[in-house]
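Enquirer: Below are the sequence and a predicted model for it; my questions follow.
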Amino acid sequence: MKSQHIICTVINDLTYDQRMQRICRSLAGAGYQVTLVGRQLPQSKPLRTEIFQQRRLRCWFNSGKFFYLEYNLRLLWLLFFARYDIHCAVDLDTLGAGFLATRFRKKALVYDAHEYFTEVPEVVERPRVQRLWRWLERQIVPRLRYAYTVCNSLAVLFEKEYDRPFEVIRNVPFRRPITAKEVAKPPVLLYQGALNDGRGLPEIIKAMSALPGVELWLAGEGDLSTSLRALVQELGVWDQVKFLGYLQPDELHQLTPKATLGLNLLENKGLSYYYSLANKSFDYIQAEVPALHPDFPEYRHLIDQFETGILVENLETTTLVEAIRRLLDDPAFYQHLQAECRKAAEIFIWETEEKKLLAFYEQVVN
């Protein structure tokens with residue numbers, strides 16, 4: 001059975017997709033033939049050699065509705081003729097093509113709901129676009145047999161809405177013990193991820209003027225890259241804010257332990273963010289870096305289990321500055337949070353979630 005071929009499809013650049021790299025390595029390591037299909041961008045770096053196959057699709061359009069249409073048509077063509085036994089469609093933006101192709105070819109379809117796609121800010125703020133994606137979701141998801149998502153909150157929500165079971169396979173890193181923890185001087189606030197709307201990035205930049213002697217490192221790029229750089233110049237905090245650009249997973253693993261505090265400042269701009277459990281939360285834990293999180297259900301549950309950071313009720317400047325100062329000015333409390341990170345780092349690891357992933361696919365092939 002393990003000779004079966006799984007083809008996984010995403011709509012992003014494969015170079016920076018740590019989650020799918022982990023999933024595909026685990027499946028390939030278990031004996032499956034695995035192909036990961038993603039997007040070719042003008043700035044895409046050469047892919048590293050992996051134990052699974054990788055393929056990129058190049059599009060004429062790189063954004064907007066024509067991009068989504070073109071990408072799914074290219075994906076549909078690929079899935080109609082490629083050799084595979086199981087197709088794993090990651091998120092709703094690759095599910096349409098996967099559903100049509102697997103129905104026609106009578107192949108197994110797995111839905112990997114990495115997020116609540118119709119409730120991300122970029123969709124919520126465009127009602128006509130949201131209605132279209134919701135229509136697609138309602139046409140397909142209730143017909144699915146195999147599906148999983150990244151946290152309990154989303155699983156409960158999807159199961160209630162579509163009357164289909166969703167397995168929970170969390171997006172957590174491999175265990176990476178810290179051999180020598182560096183003390184950042186000056187203190188460093190680290191954000192890793194896309195520089196997109198709803199991530200609290202303008203708010204934390206505005207707070208920097210009230211945090212002299214503290215640096216902010218932004219590891220990533222996104223829709224707000226240009227406007228955030230302009231904001232830094234406008235506020236005159238260019239000496240405190242560093243834009244590190246896109247970093248590959250290995251570079252991030254080396255960088256994160258150098259930070260003093262991790263940032264995960266999502267705004268409540270849709271149910272996808274409200275019920276999220278961001279992978280960066282666990283990357284900070286593995287690096288023994290306490291973090292700021294929004295007071296949303298999954299993060300409250302995480303902090304109730306292990307006090308690996310603190311929750312903030314809003315993103316007002318005074319709230320952020322007070323929370324950061326509380327950590328920086330109280331060494332005993334900060335050391336307590338680090339100790340909690342070390343405990344949590346033994347629990348929230350891919351070595352555990354990998355077993356659930358492989359058990360899930362055993363059900364699919366059998």
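Expert: Perfect, I can see it now. Residues are numbered from 1 along each chain as shown.
Enquirer: What ranges does the stretch 201-350 of the chain have for its helices?
Expert: 201-207, 225-235, 249-255, 271-274, 279-286, 297-305, 317-328, 331-344, 350-365 (DSSP state H, counting those that start in this stretch).
Enquirer: average pLDDT for the top strand by length along the chain?
Expert: Ranked by residue count, the top strand of the chain under DSSP state E comes out as strand 33-40. Averaged over strand 33-40, pLDDT sits at 96.
Enquirer: rewinding a little: next, format the helices of the stretch 201-350 of the chain as TSV and append distance to residue 32 and mean neighbour count.
Expert: C-beta here means a position set from N, CA and C on the backbone, and glycine is covered the same way. Shown next, in TSV, are these (distance: least, CB to CB, whole Å; neighbours: other CB atoms under 10 Å):
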stretch	distance to residue 32	mean neighbour count
helix 201-207	38	20
helix 225-235	37	15
helix 249-255	22	15
helix 271-274	29	20
helix 279-286	23	24
helix 297-305	30	16
helix 317-328	44	17
helix 331-344	30	15
helix 350-365	7	15
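Enquirer: Compute the first-to-last residue distance for stretch 41-52.
Expert: The separation between the terminal residues of stretch 41-52, taken as CA to CA, to the nearest Å, is 21 Å.
Enquirer: What residues of it count as buried?
Expert: residue 52 (16 or more other CB atoms under 10 Å).
Enquirer: mind giving me the domain split of this protein?
Expert: 5-172+350-365, 188-344 (automatic domain parsing).
Enquirer: rewinding a little: which one, of the helices of the stretch 201-350 of the chain, ends up nearest to residue 264?
Expert: Nearest to residue 264, of all the helices of the stretch 201-350 of the chain, is helix 279-286, at 5.6 Å by CB to CB.
Enquirer: and the nearest residue to residue 71 once chain neighbours are set aside, how many neighbours?
Expert: Distances taken as CB to CB, 6 or more residues apart in numbering put residue 59 closest to residue 71, at 5.6 Å, once the chain neighbours are dropped. Per other CB atoms under 10 Å, the neighbour tally for residue 59 reads 17.
Enquirer: Residue 96 now?
Expert: Residue 96 has 20 neighbours, counted by other CB under 10 Å.
Enquirer: okay, the domains of the chain in a markdown table with distance to residue 178 next?
Expert: Formatted as a markdown table, these follow (distance: least, CB to CB, whole Å):
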| stretch | distance to residue 178 |
| --- | --- |
| domain 5-172+350-365 | 16 |
| domain 188-344 | 5 |
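Enquirer: so where's the protein shaky on pLDDT?
Expert: 1-2, 179-184 (pLDDT under 70).
Enquirer: Now the element after the lengthiest helix in it, going C-ward?
Expert: In the chain, with assignment by DSSP state H, the single longest helix is helix 64-81. Moving toward the C-terminus from helix 64-81, the next helix or strand (DSSP states H and E) is strand 86-90.
Enquirer: Just want the angle from that next one to helix 350-365.
Expert: 130 degrees (axes from the mean of the first three to the mean of the last three CA atoms, to 10 degrees).
Enquirer: now the strands for the stretch 101-250 of the chain?
Expert: 108-113, 146-149, 167-168, 188-192, 215-219, 241-243 (DSSP state E, counting those that start in this stretch).
Enquirer: What helices and strands are in contact with the longest helix of the chain?
Expert: If contacts are counted by 3 or more CB pairs under 8 Å, 6 or more residues apart in numbering; DSSP states H and E, helix 64-81 sits against strand 5-9, strand 33-40, strand 53-58, helix 92-105.
Enquirer: where's it relative to the chain centroid, distance-wise?
Expert: Put simply, helix 64-81 sits 23 Å off its chain's centre (CA atoms, centre = their mean, to the nearest Å).
Enquirer: Identify the residues contacting it?
Expert: Contact with helix 64-81 is made by 7, 9, 11, 37, 39, 55, 57, 59-61, 87, 93-94, 96-98, 100-102, 104-105, 129, as judged by CB atoms under 8 Å, 6 or more residues apart in numbering.
Enquirer: Just the buried positions in it, please.
Expert: Buried residues in helix 64-81, counted by 16+ other CB under 10 Å: 67, 68, 70, 71, 72, 74, 75, 76, 78, 79.
Enquirer: Return the residues in contact with residue 166.
Expert: Taking CB under 8 Å, 6+ apart as the test, what residue 166 contacts is 113, 147, 148, 149, 154, 155, 158, 159.
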